[in-house]
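Asker: Predicted model, plus sequence, below.
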Amino acid sequence: MEGLDKDQLESDLITVFSNPQNISNVNTVCQALADVIHNYVKAGNVVGTCPSSGGPLTDGKLI
């Protein structure tokens, strides 16, 4: 099962901060960080229970 991968997140952040194009360029860094965080969160799986009537997720979490 795939899920949140902290090691990959750390590696991606190192890549962002090691890129010479990102030095002193706040907009580029912000966009790169947003992309890394977005991909990290999308890699997670939401688990929990939903009522049989189709109600909202309860006791849910992102793993």
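Answerer: That came through, no problem.

Asker: Verify the stated contact: residue 44 with residue 61.
Answerer: No: look at residue 44 against residue 61 with CB atoms under 8 Å: they stay out of range, at 9.1 Å. To be clear about C-beta, it is placed using only N, CA and C from the backbone, and glycine gets the same treatment.

Asker: Count the neighbours of residue 23 for me.
Answerer: 10 (other CB atoms under 10 Å).

Asker: in stretch 19-26, what's buried?
Answerer: By 16 or more other CB atoms under 10 Å, the buried positions in stretch 19-26 come out as residue 22.

Asker: starting at the chain centroid, how far to it?
Answerer: Centre-to-centre, stretch 19-26 and its host chain are 21 Å apart (CA atoms, centre = their mean, to the nearest Å).

Asker: Restricting to C-alpha, output that stretch in PDB.
Answerer: Written as PDB, here are the backbone C-alpha positions of stretch 19-26 (Å, rounded to 0.1, in the frame of the first residue of the first chain):
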ATOM      1  CA  ASN A  19      18.500  24.300  -7.000                       C
ATOM      2  CA  PRO A  20      20.600  27.400  -7.900                       C
ATOM      3  CA  GLN A  21      17.600  29.000  -9.700                       C
ATOM      4  CA  ASN A  22      15.700  29.100  -6.300                       C
ATOM      5  CA  ILE A  23      18.300  31.200  -4.600                       C
ATOM      6  CA  SER A  24      16.900  34.700  -3.800                       C
ATOM      7  CA  ASN A  25      13.700  33.900  -5.900                       C
ATOM      8  CA  VAL A  26      10.800  33.700  -3.500                       C
END
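
Asker: what's next to that stretch, contact-wise?
Answerer: 16, 28, 29, 32 (CB atoms under 8 Å, 6 or more residues apart in numbering).
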